[in-house]
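1. Mind folding the following:
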Amino acid sequence: MKNKIFLLPVMLVGLVGCNKNNEPTTYQFDYIFTAQPVVSATNSTIFKNVQDDFLVKSEGKRIIQASIFINKNTDKDKAALFLESIKSDIELGIATPSLIKTGIEQAGSAQEQQGKYGVPGAMAFKVTNSGNGFSLGFNYSNTIKEETSSFAHLLNPALGTLTDDHIFTHTIEDNTKPFSDLKILAPTGAPSVAFYKYATNSNFETTSNPQTGLIPMFAQNNYDVIVAPTHGGLMQVINKSANYQIAASITFGNMYIVSMGTDSDNELNAGDRVLYFQKTDLPGKVFNYLYGDLELSTYDVASAADTKNIIENHGVLRP
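-> As a prediction, the model looks like this:
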């Protein structure tokens, strides 16, 4: 790729041009690679559905975005009952999005909902009600083992082999055990929305930065359940022998490209200026897998939330 610059607050001067008086000028993006709920929050029209592009390039494989990992020390019955409950919650939430809204709103004010889930209940309802925009779903890992392995290796070729030993077996001997005491950690955004019934559960924690607030927790062994980017969690489980097993996948891609209307040919091709997010995590890896050979002029920000203001400003960055 050419002309690649990091879009960080301390480096904005590197992104924008300067006029003859050495005063910063604005910078115009042609396209912005973002995610739900930013698309809905900005009332953007989708230019490309990244999930569809991925299906084509990968020859029918899905984006296995976020998965549930179970601590090997956790009571097996409790873990299995928890998984059955989450499966039911997701299915009910997709069918009746108002349940997601009501559940998330139990977290408190709109600001508290945003802090806990990365999205307030009203917006979570809007996104889910619009074609399941978060791509929520539920597949036990033992039923999609090959698809999961293939996806993870596409993004991380250094990943070892996924075997049955790395996969949680969801069998139940005692179905009377309560599981509300399980300690759960999830990233904000689409994966946490699946836990809309957990708004008042003190054992349910979220983090807005998986790289620093979640992935290192695999080595700490303090949580019964960690919801993580699939490829990142598997790297911990397979290559670093973390004391966890992958159990189920719950989100399958919520990334989209929106156009700012500044590209004369309205096609994503060489020289187009594109903003994307999370360069070293799943979104950035998916972006580069799909569009890395197009010779785009690319720039990155830390999170999808960072793309929102630029979209609302019609793709213009002002220092």
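2. What's the first helix or strand after the strand ranked longest in the chain?
-> As assigned by DSSP state E, the longest strand anywhere in the chain is strand 244-251. On the C-terminal side of strand 244-251, the closest following helix or strand by DSSP states H and E is strand 255-259.
3. Next one: residue 206 from residue 99, what distance?
-> Taking Cβ to Cβ, to the nearest Å as the measure, residue 206 falls 19 Å from residue 99. Quick note: C-beta positions are derived from backbone N, CA and C, even for glycine.
4. neighbour-wise, which of these two wins?
-> Neighbour totals were compared for residue 206 and residue 99, and residue 206 leads with 22 against 17 (other Cβ atoms under 10 Å).
5. Dig out what the more buried one forms beta bridges with.
-> When bridges are called by DSSP bridges, residue 206 pairs up with residue 186.
6. OK, contacts around it?
-> Going by Cβ atoms under 8 Å, 6 or more residues apart in numbering, residue 206 touches 116, 117, 118, 185, 186, 187, 188, 192.
7. Burial check on the last one, number of neighbours?
-> Using other Cβ under 10 Å, the number of residues around residue 192 comes to 29.
8. That one and residue 248, how far apart?
-> Shown here: residue 192 relative to residue 248, a distance of 15 Å by Cβ to Cβ.
9. From what I see, residue 185 and residue 221 are in contact.
-> No. Assessed by Cβ atoms under 8 Å, residue 185 is found out of contact with residue 221, at 11.8 Å.
10. So those two - more neighbours on which side?
-> Of the pair residue 185 and residue 221, residue 185 is the one with more neighbours under other Cβ under 10 Å, namely 24 against 13.
11. can you pull out the helices in the chain?
-> 12-15, 38-41, 50-57, 76-95, 98-105, 110-117, 121-129, 145-155, 190-193, 210-213, 230-234, 282-291, 305-312 (DSSP state H).
12. Among the ones you listed, show the one with the smallest mean pLDDT.
-> When the helices of the chain are ranked by mean pLDDT, helix 12-15 comes last with a mean of 36.
13. how far is the longest strand of the chain from where the chain is centred?
-> Put simply, strand 244-251 sits 14 Å off its chain's centre (Cα atoms, centre = their mean, to the nearest Å).
14. Next, the buried residues of stretch 235-244.
-> For stretch 235-244, burial by neighbour count (16 or more other Cβ atoms under 10 Å) applies to 235, 236, 237, 238, 242, 243, 244.
15. and what of stretch 159-170?
-> Neighbour counts over stretch 159-170 (16+ other Cβ under 10 Å) mark 159, 162, 166, 167, 168, 170 as buried.
16. and what of stretch 81-90?
-> Using 16+ other Cβ under 10 Å as the test for burial, stretch 81-90 gives 81, 82, 83, 86, 87, 89, 90.
17. neighbouring contacts of that stretch?
-> Stretch 81-90 is contacted from outside by 68, 70, 136-138, 140, 168, 170, 172, 175, 177, 179, 182, 194-197, 225, 247-248, 250, using Cβ under 8 Å, 6+ apart.
18. In strands, which of those residues fall?
-> Mapping the contacts of stretch 81-90 onto strands (DSSP E) picks out 68, 70, 136, 137, 138, 140, 225, 247, 248, 250.
19. what about residue 44, how many residues close to it?
-> Using other Cβ under 10 Å, residue 44 has 19 neighbouring residues.
20. Contact partners for it?
-> Applying Cβ under 8 Å, 6+ apart to residue 44 gives the contacts 34, 38, 256, 258, 311.
21. Farthest pair within the residues you listed?
-> The distance between the two most remote of the contacts of residue 44 (Cβ to Cβ) is 10.9 Å, for 256 and 311.
22. gap between stretch 276-287 and the chain center?
-> Mean-position distance between stretch 276-287 and its chain equals 10 Å (Cα atoms, centre = their mean).
23. Please apply the same query to stretch 120-133.
-> With Cα atoms, centre = their mean, you get 15 Å for stretch 120-133.
24. so can I have JSON lines of the buried residues of stretch 159-170 showing distance to residue 230 and pLDDT?
-> Listed next are the buried residues of stretch 159-170 as JSON lines, based on distance: Cβ to Cβ, whole Å; pLDDT from 0 to 100:
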{"residue": "159", "distance to residue 230": "10", "pLDDT": "96"}
{"residue": "162", "distance to residue 230": "10", "pLDDT": "98"}
{"residue": "166", "distance to residue 230": "12", "pLDDT": "98"}
{"residue": "167", "distance to residue 230": "12", "pLDDT": "98"}
{"residue": "168", "distance to residue 230": "14", "pLDDT": "98"}
{"residue": "170", "distance to residue 230": "17", "pLDDT": "90"}
